[in-house]
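[1] Sequence and predicted model, in that order:
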Amino acid sequence: MLKSVQEWTLLLLIFGVVSILGNWIGYNIFPVEAIPGMVILILIALAGLILQKLLPIRIPSIAYVAIIGVLVSMPWMPGSEQIVAMTNHINLLALTTPILAYAGIAIGRSWADFVKLGWRTIVVASFVMLGTFLGSAIIAEFVLRMQGII
């Protein structure tokens, strides 16, 4: 269990640093402002991962992370205003970039297994990804034009 906690902590710290950099570059929020919020998010994620291993109820760790996050941000919880204020300096999209990069690396490690499914699977997956990208871009373009942003 200790080794898992150390690995999770290291991984979460790496995500945190990359997210803070993305937050700074993409959203002009200085790292000094974002670090307290990122520490809180890392601690919440770590607590959820530990609870998932300790409790006999087998539900995904993301459920524990979400429950802890909701509980600590409830208005009646002591310190919730500070927690919400500090985590508001972290943009959600700055968090998704390193997570999606990690998912891509995880898929890349099992690329040999993916190739074993056959060339048709690769063609279908490529079209699905292309369609998802183009669909998202079209929707974003439409919504941004409706709002007058572009």
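    That came through fine.
[2] just the strands in the protein please.
    Using DSSP state E, no strands are found in the chain.
[3] mind checking the longest helix of it?
    helix 119-147 (DSSP state H).
[4] Could you name the helices and strands sitting against it?
    helix 111-116 (3 or more C-beta pairs under 8 Å, 6 or more residues apart in numbering; DSSP states H and E). (Glycine included, C-beta is placed from N, CA and C.)
[5] picking that back up, for the longest helix of the chain, what does the pLDDT average out to?
    Average pLDDT, helix 119-147: 84.
[6] hmm, which helix or strand of this structure has the shakiest average pLDDT?
    helix 111-116 (a mean of 66; mean pLDDT, DSSP states H and E).
[7] Where do the domain boundaries of this structure fall?
    2-94, 110-150 (automatic domain parsing).
[8] The longest one: end-to-end distance?
    Taking C-alpha to C-alpha, to the nearest Å, the span from the opening residue of domain 2-94 to its closing residue is 29 Å.
[9] Helices of the chain, start to end?
    2-27, 31-54, 61-73, 80-87, 92-109, 111-116, 119-147.
[10] right, so the ones you listed: which one is the most enclosed?
    A comparison of these by mean neighbour count, using mean count of other C-beta atoms under 10 Å, puts helix 31-54 on top with a mean of 18.
[11] State the mean pLDDT of that helix.
    Rounded mean pLDDT across helix 31-54 is 94.
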